[in-house]
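K.L.:
Sequence first, then the predicted structure:
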Amino acid sequence: MPPPSNLTDDTQMDEPHSGRLLVATTVLSDPNFRRSVVLIVEHEAAQGTLGVILNRPTEIPVGQVLEPWMDLATSPSVVFSGGPVAPNSALALALVPGTDEPVGWHPLDEGAPAMARLGLVDLDAPPGLLADAIARLRVYAGYAGWAAGQLQAEIDQGAWYVLPGEPADAFAADPVRLWQSVLRRQGGELAYVATYPDDPSQNLAAAAPPRKLFAVSSTEVLPEQDTKIHEDLRPDTSHGDHERFKHLVIKDKLVDSMVTGTPLRALCGKVWVPSHDPNRYPPCPTCMEIAERLPKGDDRDGDGES
C-alpha cells in the first residue's frame, strides 16, 4: 500500500475561495467550530470571508420561523446554526439545476465549477418564484465571518483544512456525520483523521496514565465571533525550544524540512519546524491516536517528532 499523501498537497490544501470547504482540524477547540464543516460563500482577500457551518442542525423547524419556505426545505427541514455572527438573521442556500438564474437566487461568486449551481436565496422573495427551479434548500441562522487576513492566519496555524466541496455537502441527510464524510473521501491521511475519536481522552485513559491535554488560547476576533485554537498550533522556528510535544510526520518530508527549515504539518494538524532533538518532549497524544489507526508499514519516522 503506498504511503498516504502529504496533508500539504495542493489537492488537499487549497486556497480559500467561494464554494470551497473549511474543515476544522482536530486541534480547533472552540465549540462554535469544533469538527465543523464551513462552506465559503464569499471571499475577498482585502475585505474578509463569509461562510456558513453546514453540520449544526438545531431542533427548530423551518416552518416555525419561515413558514412560506417550509415546503421547499430539504430534510431534515430544521433551521441550521450557520455561525456565531448575527445569529438572529437568516439566510438560505439552494441548489438550482440547469443553466437558468431564477429571480431571487444568486450563484456563489466565482465558485468552483462543481458548485456552480449552488447559490444564496433572497428569503424576502415570494417562494413561488423559486419553487419550480429549486431542487434543494436549507435555511441557516447566523453565519461565520473572518476579517481580512484572519482566516489565512488560522489556516497557516493549522486550524483548518481547505478542501473541495460537493453540492450535496450543503444538504447532507446526516449532517452530524458530515465532518467524517468529507475527510474520508479525501483519502490518504485525511481519511485516517476522520477516524479520530470524538473524545480522545477516553482512549488515552485506557492505554496509558492520564496526560495533560492542550491548553487553549484565542486568535483574532471578529465582532460576535471568537475562534479558539490550541496554543500548541503556532509555528515555531526556534527548532523546538518552545514546543510541548513531539509530533508524527511523513518520513520522506522530514529530512528536507530539517535541512531547509520548511514547516511541516503533523498528523494532528500542527504546523511547525521539526526539532533536531526529538527526545526532548513527550509525544503528541493526538498524533499517537491517529498513528495507531494507520496501516502497518506506513512510512512514519520517530525522528520526525519534535
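P.N.:
Ah, there it is. A quick note: this is a predicted structure, and the numbers were derived from the prediction, not measured. Residues are numbered from 1 along each chain as shown.
K.L.:
Dump stretch 166-173 to CSV, keeping only the CA atoms.
P.N.:
Output for stretch 166-173, consisting of C-alpha atoms alone and laid out as CSV, is shown next (Å, rounded to 0.1, in the frame of the first residue of the first chain):
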residue,chain,number,x,y,z
GLU,A,166,-19.7,19.0,-3.4
PRO,A,167,-23.2,20.4,-3.8
ALA,A,168,-24.6,17.5,-1.7
ASP,A,169,-22.5,18.7,1.3
ALA,A,170,-24.9,21.6,1.8
PHE,A,171,-27.9,19.3,2.0
ALA,A,172,-26.5,16.2,3.8
ALA,A,173,-29.2,13.9,5.1
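K.L.:
Give me the buried positions along it.
P.N.:
Along stretch 166-173, these residues count as buried under the neighbour rule (16 or more other C-beta atoms under 10 Å): Pro167, Asp169, Ala170, Phe171, Ala172. C-betas here are computed from N, CA, C, even on glycine.
K.L.:
In helices, which of those residues fall?
P.N.:
Using DSSP state H, no member of the buried residues of stretch 166-173 falls in helices.
K.L.:
show me the contacts for Ala94.
P.N.:
For Ala94, the set of contacting residues under the criterion of C-beta atoms under 8 Å, 6 or more residues apart in numbering consists of Leu72, Trp105, Leu118, Gly119, Leu120, Val121, Leu130, Ile134, Ala135, Arg136, Leu137, Arg138.
K.L.:
Now list the buried members of those residues.
P.N.:
Burial by neighbour count, 16+ other C-beta under 10 Å: within those this picks out Leu72, Trp105, Leu118, Gly119, Leu120, Val121, Leu130, Ile134, Arg136, Leu137, Arg138.
K.L.:
The first one: what's it in contact with?
P.N.:
Meaning Leu72. Ala94, Pro127, Leu130, Ala131, Ile134, Leu137.
K.L.:
Dump the residues you listed to TSV, plus secondary structure, distance to Phe33 and pLDDT.
P.N.:
Listed next are the contacts of Leu72 as TSV, based on DSSP: H, G, I helix; E, B strand; the rest coil; distance: C-beta to C-beta, whole Å; pLDDT from 0 to 100:
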residue	secondary structure	distance to Phe33	pLDDT
Ala94	strand	24	97
Pro127	helix	31	94
Leu130	coil	30	93
Ala131	coil	34	94
Ile134	coil	29	95
Leu137	strand	24	97
